[in-house]
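K.L.:
fold the following, please.
(2 chains)
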Amino acid sequence: MNVALSLRDLRATVVLVGLGVSLLVATIFSLTIGAVSIPAGDVVVILLQKLGLFQGTAVDEMHAVVLSSIRIPRIAMTILIGGALGVSGAALQGLFRNPLVEPSLIGVSGGSASAVVILIVFGGPLSVYLAPWVYDSLLPIVAFAGGLAATFLVLRLSSELGRTNVAVLILTGVALNALSGAIIGLAIFYADENQLRTFTFWTLGDLGGATWQKLGFAAPFLIGSTGALLFFARSLNALALGEAEAYHIGVDVERTKKLVILFSALAVGVSVSLAGMIGFIGLVVPHFIRLSFQVDNRLVLPASVFGGALLLVLADVVARTVVAPSELPIGVVTAFIGAPFFIALLLNAKKKHEL
Amino acid sequence: MYEAHQITFRTLGRAILHGVSLQVMPGAFTAIVGPNGAGKSTLLKVLANEQRPSEGAVSINGQDISSYTPRELAQVRAVLPQATTVQFAFTVEQVVALGRHGRRSSPAEDRAVCEAVMTLTGTLAFRERQYQTLSGGEKQRVQLARVLAQVWDETVYPRYILLDEPTSSLDIAQQQYIFNLARAVCARNIGVMAIVHDLNQAVQYADTLYFLRDGLVTAHGPAGQVFTQRNIEETFRCRVNLYRDPVTGHPYIIPASDPANRFVAVGK
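P.N.:
Numbers count the residues shown, from 1 in each chain, chains lettered A, B, ... in the order given. A predicted model of the protein is given here:
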């Protein structure tokens, strides 16, 4: 028993370290790529200098500026968003005991998208009254508020006497997503060419807008919600038995449900507000971890953080290179990588009767 | 003592339980029997604090159940449902270890307890297997191990396990296995309360019997005394004949074929 369990712990550690190292390598590789190609050695030196771990110069000044003002904020945002999307997908799948759940199901993405399209199409007059920088920062705030409002509405409609009915919750999410589809359609009907283009690009996802300023606003929320979700690993394991059974073994089920939904909405809402709609990470990454390694959420949750970040960093590399100097929308790349990969996983799992 | 006092439970304007009182003693096996729809499962849910009663109160070891946090409650009572599906491919030992959720014991202690209960339930041999791939009997033994892991620690206060028809889909050998085990763990200062489908098994294993019909306790007392033809017939509305095992003297029943029995007169 001791041997078996410690072997499992060891394997989990190896998986996490492996994913962490892969993420680091992918990050450095990603930082070397762009309009100016920067050697990996210089990237490492500049990173260490920024962290105050290394003195000395001898690195191209322009490279340092490109990295610190453009590439580092972008990769930092990519890592935080990828991690947040991965862990919220994993947590929600555990919470709803349903492997097909993804963050959009609780209404976050739909709510954000409706709020954004309304702002883009009908918010034009606001730009007259507001200072430009205020108007620019409205988009992420509105997206975040829309996502959170939709989640609260779904949660409210599906709760009775303090208990949340999961079937009603999922169906309410479906209804609300249909409603946001209608709102988006209506707004698009009234949109002009320019607005249409802005919205279309937003729905396809875009990591290009990263700045230190945006990051400063979003990072505490992303890190906070990602970190908070990791604390629910044991409770989510218990929930695999069912809600009543989880309560029997000492889980405060209602509290767990509300907090997991809230932190996931926060993580996804902030991500959507920064980078638009990036699909598939929340669905594919936790599955990959479960099918390749094991289902204990004490591994699945942290591994989904690393895995989500890794997948998004790699997708971003692809997005920036295949049509260089132009750039593909990130959502298109994650779906192109994610969908076939997911089908392959499903076929494999079907063969082994794991689903 | 695990005590339900004058429990009334109403839902959707209908009363399921009418002032039910029940006592489960530590170290003893208490069985509840009754026809379908008598309110047995609802009573178990109220006892487990899954449902709040409309009237009445439940207390464990003298303390009102509503004053326990979910975790504290998990340390004094465990519940074994009829069947449990586990989402995702957890292994047997992972499922058993879930029973330790509410404890704040060391990993080594948890491992020792899990090993002990897996040995007891005969599940140690397939602890690395995935729960989802097990047979019905194996699954229920794993769940029993999980339930035992939850209340295994020797504490000064008694602990309780509530079983909801734990053998309803098992073969006869598996049924005996589960009930023998439940009976045996009473010795650890654990009180067992079980809803039992089979009357002969109820009288075979229980110290105390409760007959429930239409949300009312129709009879209760020491199993040997209340297991009478009259109590059974009035509770189940079915004619039975009561016999005694010639060797052990244990009572058992066989339903009588009664042409007047309205439940039998289906074919007309």
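K.L.:
going forward, measure contacts between C-alpha atoms and count neighbours the same way
P.N.:
Fine.
K.L.:
and the nearest residue to B:Asp153 once chain neighbours are set aside, what element?
P.N.:
Excluding the flanking residues, the one nearest B:Asp153 by CA to CA, 6 or more residues apart in numbering or on different chains is B:Val113, at 7.9 Å. B:Val113 is part of helix B:107-120 when elements are defined by DSSP states H and E.
K.L.:
same question, A:Leu176
P.N.:
Per DSSP H and E: A:Leu176 is located in helix A:166-190.
K.L.:
residues making contact with that helix?
P.N.:
A:96, A:105-107, A:110-111, A:113-114, A:117-118, A:121-122, A:150, A:154-155, A:157-158, A:196 (CA atoms under 8 Å, 6 or more residues apart in numbering or on different chains).
K.L.:
need the contact list for the residue nearest to B:Asp153.
P.N.:
Contact partners of B:Val113, counting by CA under 8 Å, 6+ apart, are B:149, B:152-153.
K.L.:
now the strands for chain B?
P.N.:
Secondary structure of chain B (DSSP state E): strands at B:2-11, B:14-24, B:29-33, B:55-60, B:63-64, B:77-80, B:159-164, B:190-195, B:208-213, B:216-222, B:240-244, B:251-255.
K.L.:
pairing partners for the shortest one, with directions?
P.N.:
It refers to strand B:63-64. strand B:55-60 (antiparallel) (DSSP bridges).
K.L.:
same question, the last one
P.N.:
Strand B:251-255 has the following strand partners under DSSP bridges: strand B:240-244 (antiparallel).
K.L.:
now the partner strand: mean pLDDT?
P.N.:
Computed over strand B:240-244, the mean pLDDT rounds to 89.
K.L.:
check the offset of that strand from the chain's centre.
P.N.:
In terms of CA atoms, centre = their mean, to the nearest Å, the centre of strand B:240-244 is found 25 Å from the chain centre.
K.L.:
over to stretch A:290-300?
P.N.:
Worked out by CA atoms, centre = their mean, stretch A:290-300 lies 19 Å from the chain centre.
K.L.:
give me the contacts around it.
P.N.:
Stretch A:290-300 has contacts (CA under 8 Å, 6+ apart) with A:12, A:15-16, A:90, A:230, A:233-234, A:236-237, A:286, A:289, A:345, A:349, B:88-90.
K.L.:
tell me where the stretch 51-200 of chain A has helices.
P.N.:
Taking DSSP state H, counting those that start in this stretch to define them, one finds helices in the stretch 51-200 of chain A at A:61-66, A:72-95, A:108-122, A:126-129, A:132-157, A:166-190, A:193-204.
K.L.:
buried ones in the first one?
P.N.:
Okay, so that is helix A:61-66. Residues of helix A:61-66 classed as buried: A:63-64, A:66 (neighbour count, 16 or more other CA atoms under 10 Å in any protein chain shown).
K.L.:
can you check the longest one too?
P.N.:
Within helix A:132-157, the residues that count as buried by 16+ other CA under 10 Å are A:138-155.
K.L.:
counting by contacts, list what that helix packs against.
P.N.:
Helix A:132-157 is packed against helix A:108-122, helix A:166-190, helix A:253-275, with contacts defined by 3 or more CA pairs under 8 Å, 6 or more residues apart in numbering or on different chains; DSSP states H and E.
K.L.:
next, the nearest residue to B:Glu50 once chain neighbours are set aside: secondary structure please.
P.N.:
Using CA to CA, 6+ apart and skipping residues adjacent in sequence, the residue nearest B:Glu50 is A:Ala244, 7.2 Å away. Under DSSP: H, G, I helix; E, B strand; the rest coil, the three-state class of A:Ala244 is helix.
K.L.:
ok, A:Ala244 - how many residues close by?
P.N.:
Look at A:Ala244: counted by other CA atoms under 10 Å in any protein chain shown, it has 16 neighbours.
K.L.:
distance-wise, check it relative to B:Ile232.
P.N.:
32 Å (CA to CA, to the nearest Å).
K.L.:
give me phi/psi at B:Thr155?
P.N.:
The phi and psi values for B:Thr155, taken as degrees, to the nearest 10, are phi -120, psi 170.
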